[in-house]
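In: When you get a sec, could you give me coordinates for this:
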Amino acid sequence: MSSIAEMLSPYETVTSLPAGTVLFREGDEADGVYYLHSGEATLSFSSPRTRQARALLVASAGEILGVSCAVSGRKHDCSATTRSACVAGFVERDRFLRLLDEKPSLWLTVLRLISTNISACWDCIRTLHAH
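Out: I've put the predicted structure just below:
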């Protein structure tokens with residue numbers, strides 16, 4: 001078990017989810033974070049022109065979803081849907097923020113995750129501009 005999983009474990013509600021389960025929707029309030037114990041989830045956004053969902057990236061086991069919006073208090077800027085059967089843990093936003101205060105070492109993990117997500121977004125932008 002990773003250190004992030006160990007830190008979140010006492011505070012999460014773990015659920016088995018079938019493929020196609022919506023974890024959160026673009027535009028919804030960020031009420032917490034999801035930790036994928038197993039399986040994959042697709043992150044997607046709506047194209048402003050076509051209003052159709054476009055896949056952004058696939059998250060896999062060991063990843064935390066919704067963290068940047070939970071930390072910033074912004075509404076979700078994408079949707080997350082399970083791509084396969086998953087086991088996911090949910091930690092409420094207030095509890096997650098308290099956990100960050102209680103365990104400063106968790107901040108570095110969160111910063112790395114947000115940085116990785118930003119890099120992935122830039123990669124997507126480059127791909128979109130190439131086509």
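
In: drop to CA atoms for contacts and neighbour counts, all remaining ones
Out: Noted.

In: Do I have it right that residue 57 meets residue 43?
Out: Yes - counting by Cα atoms under 8 Å, residue 57 does reach residue 43; the two are 5.4 Å apart.

In: Compare those two (neighbour count), which wins?
Out: Neighbours were counted for residue 57 and for residue 43 using other Cα atoms under 10 Å; residue 43 has more, 25 against 15.

In: and the more buried one, what are its phi and psi?
Out: Here the main-chain torsion angles of residue 43 (degrees, to the nearest 10) amount to phi -100, psi 130.

In: Kindly indicate whether the residue nearest to it when sequence neighbours are not counted is helix, strand or coil.
Out: Ranked by Cα to Cα, 6 or more residues apart in numbering and with sequence neighbours excluded, the top spatial neighbour of residue 43 is residue 80, at 4.6 Å. Counting by DSSP: H, G, I helix; E, B strand; the rest coil, the backbone at residue 80 sits in strand.

In: Fine, thanks again, bye for now.
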